[in-house]
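S.K.: When you get a sec, could you give me coordinates for this:
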Amino acid sequence: MGDISGDVVLKCSVIEQALSSRISMRFIIIGTLVSTTILVVSSYFSTSTQLASLMLASLLGALMAIHVVRSPRFENLGFKPVFILAMSAHVLALLGQPILEDDHYRYLWDAFRFTRDGTPYGAAPSAFFDDSTVPLAFQAILNFINYPDIPTIYGPVLQALFLAGHVIAPGKVEAIQGLNSIIVLATLVLLARCGARPRWLLLYAISPLVIKEAVITAHPDALTGFLALAAFAVGGQRLPWMAGALLGLAIASKVSVILLLPFLWTRGGWRAVT
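M.R.: Model (predicted):
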């Protein structure tokens, strides 16, 4: 009789843990989709609405992060559900417009100049205000560029990203948003291959700030992060030349990444940094 009672208690405990895990994951799934929806919907309203919605989404993201960190149930979470959730949030985020930013007009203009003049560097946008050869669509983009008297400051690797977006859809920020989404998801895969624990992968996947900055607002910094991470992923004595090349590309996208050179040298030696 005692054995039967013990089995019943054990089965009830297993069922309770399973139900609790499902509830925890449902909270994360719903919270991620709700926070992303808040950002997407607010992107079509005023600046004050966007700011309030960003704060609300960030608060929800913080609550989810605390739950993920404190709950042991996420320690054994597989990579597949994390990736599917991230991809779902990104698909939803692609419906939004840039929030509290106007940098994307510069990205689109740089890509246009790259295709027309062979380089986005040199002349400031204001030099083209009276240029009648600029297509109407890009004249409208030109009018919204911030600091039009300053030439572009973005590195050549980021310019290649803008150019790729232009090839896909000229003058459309959605193309850069889509490319950034692919880069963020690729970073998630790379982190998993580097041995990142499931709960930390989940934190990256559900972060409203990552979704807002990389996908909705189309900031290209995700590419810099991916290249730098890839450099260290292949570092050490295995492929030092490739590690150096990847970090070089990261530096060519954002010069501040040069601060990582000493750390790569400790992993791959001089062959990785020369």
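S.K.: for T119, helix, strand, or coil?
M.R.: Under the three-state scheme (DSSP: H, G, I helix; E, B strand; the rest coil), T119 adopts coil.
S.K.: How many neighbouring residues does the residue nearest to it when sequence neighbours are not counted have?
M.R.: Beyond its immediate neighbours in the sequence, the residue positioned closest to T119 (Cβ to Cβ, 6 or more residues apart in numbering) is R113, lying 7.2 Å away. Bear in mind the C-beta positions are built from the backbone N, C-alpha and C, glycine included. Using other Cβ atoms under 10 Å, R113 has 23 other residues around it.
S.K.: Run through the residues that contact R113.
M.R.: Contacts of R113 were listed using Cβ atoms under 8 Å, 6 or more residues apart in numbering, and they are T119, P120, A123.
S.K.: filter the residues you listed to the buried ones?
M.R.: Those of the contacts of R113 that meet the buried threshold are P120, by 16 or more other Cβ atoms under 10 Å.
S.K.: Can you tell me which of the contacts of R113 is nearest L202?
M.R.: Sorting these by distance to L202 puts P120 at the head of the list, at 37.5 Å, by Cβ to Cβ.
S.K.: CSV for the contacts of R113, including pLDDT and distance to S207?
M.R.: Compiled in CSV, the contacts of R113 are given as follows (pLDDT from 0 to 100; distance: Cβ to Cβ, whole Å):
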residue, pLDDT, distance to S207
T119, 95, 35
P120, 96, 30
A123, 93, 38
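S.K.: shaky segments in the protein?
M.R.: Filtered on pLDDT under 70, the chain yields the residue ranges 1-22, 235-238, 267-274.
S.K.: what about the strands in it?
M.R.: Using DSSP state E, no strands are found in the chain.
S.K.: Now V41. Nearest residue, chain neighbours left out?
M.R.: Here the nearest residue to V41 in space, its sequence neighbours aside, is S53; by Cβ to Cβ, 6+ apart that works out to 7.4 Å.
S.K.: Thought Y44 was touching the one you found, still the case?
M.R.: No: counting by Cβ atoms under 8 Å, Y44 is not a contact partner of S53; they are 10.7 Å apart.
S.K.: Of those two, which one has the most company?
M.R.: Here S53 and Y44 are set side by side on neighbour count (other Cβ under 10 Å), and the busier one is S53, at 23 against 12.
S.K.: For that one, give me its contacts.
M.R.: Counting by Cβ under 8 Å, 6+ apart, S53 touches I38, L39, V41, S42.
S.K.: check contacts around the first one.
M.R.: Going back to what we said before, that points to I38. I38 makes contacts with S53, L56, A57, L60, as judged by Cβ under 8 Å, 6+ apart.
S.K.: same thing with V157?
M.R.: Counting by Cβ under 8 Å, 6+ apart, V157 has contacts L223, T224, L227, L249, A250, A252, S253.
S.K.: what separates L39 from T32, distance-wise?
M.R.: Relative to T32, L39 is positioned 11 Å away (Cβ to Cβ, to the nearest Å).
S.K.: Equivalent analysis for L190, please.
M.R.: Computed with Cβ to Cβ, the distance linking L190 and T32 is 21 Å.
S.K.: Between the two, which is the more surrounded one?
M.R.: Taking L190 and T32 together and counting by other Cβ under 10 Å, T32 has the greater number of neighbours (24 against 16).
S.K.: That one contacts I84, correct?
M.R.: No: taking contact to mean Cβ under 8 Å, the distance of 11.1 Å between T32 and I84 leaves them out of contact.
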